[in-house]
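Enquirer: The following comprises the amino acid sequence and a computationally predicted model.
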Number of protein chains: 2
Amino acid sequence: MNFRLRELRKLLAKNDLDAILVSSLSNIVYLTNFSEFSTLDRDAYLLITKTKQYIFTHGIYKEAVEKQVPHFELRAIKRETPITKTIRTIIEEQSITRLGFEAFDLKITEYEQLTKQINKKILIPTDMVNKIRIVKSPDETEKIHKACALGDKAFTFILKKMKPGITEKALAFELEFYIKNRGADISFPPIVAFDANASQPHHVPTNVKLKRNSLVLFDFGVKLDNYCSDMTRTVFFGKVTKKQKIVYNTVLAAQQQAIDFINEELKLKKELKASDVDKRAREYTVSQEFPTMPHSLGHGIGIEVHEAPRLTSFSQETLTECMVFSIEPGIYLPEEFGVRIEDLFVVKNDSLVQLTNAPKKLIELKI
Amino acid sequence: MNFRLRELRKLLAKNDLDAILVSSLSNIVYLTNFSEFSTLDRDAYLLITKTKQYIFTHGIYKEAVEKQVPHFELRAIKRETPITKTIRTIIEEQSITRLGFEAFDLKITEYEQLTKQINKKILIPTDMVNKIRIVKSPDETEKIHKACALGDKAFTFILKKMKPGITEKALAFELEFYIKNRGADISFPPIVAFDANASQPHHVPTNVKLKRNSLVLFDFGVKLDNYCSDMTRTVFFGKVTKKQKIVYNTVLAAQQQAIDFINEELKLKKELKASDVDKRAREYTVSQEFPTMPHSLGHGIGIEVHEAPRLTSFSQETLTECMVFSIEPGIYLPEEFGVRIEDLFVVKNDSLVQLTNAPKKLIELKI
């Protein structure tokens, strides 16, 4: 944690900021390693100055924060002492004239409360904590890798649970149960989609029953020790049709196109634009006369299941050493079916290392 | 749904607004009945004008939204056609000069994107959808009641699962499994706390093992058909100590104080301030020489587990017919134990009806 604060303070200096107010929950988890705040309410803020770090939270978290975040000064959020006044006092005491804040996270109402106490002019929007998080430490990559490994096991498990008549909901529940029973959490509600339902990339599992000779898409992730995994596999319960096979192999080839492109560029030590990777896979599927994906090719992952870098056609980001991201091309044919294949990768020593390891060759399950 | 839109349009007229931009996910669920958007990303906005209603979302939700939200005009969010430009066009076409927006939900960055296209002066902060949601329809109350009934059953179930050596985590998982296995969801991660851990109101379950003669606090909720329940019970696995018994009965009496106070005021047709209810229960526990609660006495509940009205000392709200809320006093003795008892209530025909029905008299489980 101290390393992270040191990095942050270096960036503060570089950006000529005296301090930063952190409101984003994932950034709070990153900087404190404390992950017990609710995702439903605004339970905490951090204020990190050149010399001190403060955590503002409600009385109900006092005991846990004192124990688990001892290196932060705790200031209770109370009606009588609103956080905005406490911040103003600190600003005055430490002569802060440029205070970073997370405009991508802070709400208008919060900003208005803040600017009742603090001069707007000292508030500078910044996403510097996210910028630090984009590059993973070996420890973070290891955590993601462990989450991926449990995801791989969950995939092996779920294939055994497939039987005629089982519903999408039941399979999603089995996945969730498997993961949680092993002390982990899910990184998002699992997607299980049969046949035409798989043409909706974010299909929510229903009570439809599994029939013989069906396509089944699984998209799920594990959260272990605060870090997420994410993977998608499309399998066939029985016989694959000729068209499904062509689509499957096209998606697999599109993923390989992206992987090869990244490896080539890294080898040549070229600047690797995330948008070019998206373009490569997207153009490949279109060249095979399939519709373009209604989603991006991939996304960074870590404490959040979706974070920087974004592999989209309009991304401004460059993929560099120690970034972890998904590559997940898909082809969606409305009213027919959809295929998506998703793996996580890390850039290590100028090449791409795959973190998810479930099999990718077309699976026709015996029924 | 159409009734809700009609109510909203009445409020628009009353507030002299031409339209409202809805960004809050729970308000989107309320107005569309569509609950498949991710809670992790910003996936949708609604724009409701005097005559039309629009839903803005990503391509990945197109098929689901077209099927399930046919009464809204779907406008895809794309890089090429950012939602802010689409909104500007609608504003111009329909001569909108006062547009409500949800300042409590919209982020600074989103607001800045919006005001690049739209004159700031036409944007008026409003929480009118939340204001509508504070009063529940019979249908909504019925849904909450059903969620409560499943919660009651889960409580009966979990008491049977208690045995020496079982961990807080395992009990929390059993609760979650029980609820999800019945086709419902949890409204938040269950809290299970043994002995001293119960002195933290938001304790996160650990691997500590249950011992004989322990206090066990359960705080959990069910989400069924988009509506939440919430309940807390504190039970004793074995013998209760004299002190624990006094604390338990004080908490129970504090809840009864609040209930009686509400019923008396309602009977007298008095204006019932939420802050006065908090005060009554809080002062009672303090009068018994216990510390004041580090949390509010209660909260409204519905699509969100925490919503208006708030039963706090600084609440400005009045409790009226058809509001649903929790009453959950607690006494927390650091390093010793904590007791909280929470039930949900609805105001019906000028009296309080309890929606949760698990037993409240002190339970000493046989071991």
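Expert: Nice, thanks for sending it over. These numbers were taken from a predicted model, which means no experiment stands behind them. Numbers count the residues shown, from 1 in each chain, chains lettered A, B, ... in the order given.
Enquirer: residues touching residue A:199, list them.
Expert: In this structure, residue A:199 makes contact with A:332-338, B:63, judged by CB atoms under 8 Å, 6 or more residues apart in numbering or on different chains. In short, each C-beta sits where N, CA and C put it, glycine included.
Enquirer: So which of the residues you listed is the closest to residue B:80?
Expert: Compare each of the contacts of residue A:199 with residue B:80 using CB to CB and the shortest gap goes to residue A:332, at 19.5 Å.
Enquirer: Can you pull the phi/psi pair for the closest one?
Expert: According to degrees, to the nearest 10, the main-chain angles of residue A:332 amount to phi -120, psi 120.
Enquirer: any idea of the pLDDT on it?
Expert: What the model reports for residue A:332 is a pLDDT of 97.
Enquirer: same question, residue A:1
Expert: Residue A:1 is assigned 58 on the pLDDT scale.
Enquirer: For the residue nearest the centre of chain A, give me phi and psi.
Expert: If you average the C-alpha coordinates of chain A and look for the closest C-alpha using CA atoms, centre = their mean, you land on residue A:305, 1.9 Å from that point. Listed backbone geometry of residue A:305 is phi -70, psi -30, with angles given as degrees, to the nearest 10.
Enquirer: re the thing from before, narrow the contacts of residue A:199 to just the buried residues.
Expert: Neighbour-count burial within these applies to A:332-333, A:337-338, B:63; the criterion is 16 or more other CB atoms under 10 Å in any protein chain shown.
Enquirer: So which of the residues you listed belong to strands?
Expert: Assignment to strands by DSSP state E places the following of the buried ones among the contacts of residue A:199 there: A:332-333, A:337-338.
Enquirer: Now for those residues: which two are most distant?
Expert: Across those, the two members that end up farthest from each other (CB to CB) are A:332 and A:337, 8.3 Å apart.
Enquirer: Could you name every residue contacting both of the two?
Expert: Shared contacts of residue A:332 and residue A:337, defined by CB under 8 Å, 6+ apart, are found at A:198-199.
Enquirer: Below-threshold pLDDT in chain A: ranges please.
Expert: A:1 (pLDDT under 70).
Enquirer: and the longest helix for it?
Expert: In chain A, assigned by DSSP state H, the helix with the most residues is helix A:242-267.
Enquirer: buried sites along it?
Expert: Within helix A:242-267, the residues that qualify as buried by neighbour count (16+ other CB under 10 Å) are A:244, A:247-248, A:250-259, A:261-262, A:265-266.
Enquirer: residue ranges for the helices of the stretch 51-200 of chain A, please.
Expert: Across the stretch 51-200 of chain A, reading from the start of the chain, the helices by DSSP state H, counting those that start in this stretch fall at A:62-68, A:83-93, A:108-117, A:128-133, A:138-161, A:168-181.
Enquirer: Now do the fifth one against helix A:168-181, angle only.
Expert: Counting by axes from the mean of the first three to the mean of the last three CA atoms, to 10 degrees, helix A:138-161 points 140 degrees away from the direction of helix A:168-181.
Enquirer: what packs against helix A:138-161?
Expert: Applying 3 or more CB pairs under 8 Å, 6 or more residues apart in numbering or on different chains; DSSP states H and E, one finds that helix A:138-161 contacts helix A:168-181, strand A:214-220, strand A:222-224, strand A:227-228, strand A:231-237, strand A:324-327, strand A:343-348.
Enquirer: For those, give me a markdown table that also has distance to chain B and mean neighbour count.
Expert: Written out in a markdown table, the entries for the helices and strands packed on helix A:138-161 read as follows (distance: least, CB to the nearest CB, whole Å; neighbours: other CB atoms under 10 Å in any protein chain shown):
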| stretch | distance to chain B | mean neighbour count |
| --- | --- | --- |
| helix A:168-181 | 6 | 20 |
| strand A:214-220 | 11 | 25 |
| strand A:222-224 | 12 | 24 |
| strand A:227-228 | 10 | 26 |
| strand A:231-237 | 13 | 23 |
| strand A:324-327 | 14 | 26 |
| strand A:343-348 | 17 | 22 |
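Enquirer: For chain B, give me its nearest residue in the stretch 201-350 of chain A.
Expert: residue A:294 (3.3 Å; CB to the nearest CB).
Enquirer: Kindly report the same for the stretch 1-150 of chain A.
Expert: Of all residues in the stretch 1-150 of chain A, residue A:59 sits closest to chain B, at 3.2 Å by CB to the nearest CB.
Enquirer: for stretch A:102-109, which positions count as buried?
Expert: Burial within stretch A:102-109, assessed by neighbour count using 16+ other CB under 10 Å, is assigned to A:102-103, A:105-108.
Enquirer: before we move on, what about stretch A:53-67?
Expert: Buried residues in stretch A:53-67, counted by 16+ other CB under 10 Å: A:53-58, A:60-65.
Enquirer: Okay, now it: how far is its last residue from its first?
Expert: The distance separating the two terminal residues of stretch A:53-67, taken as CA to CA, to the nearest Å, comes to 16 Å.
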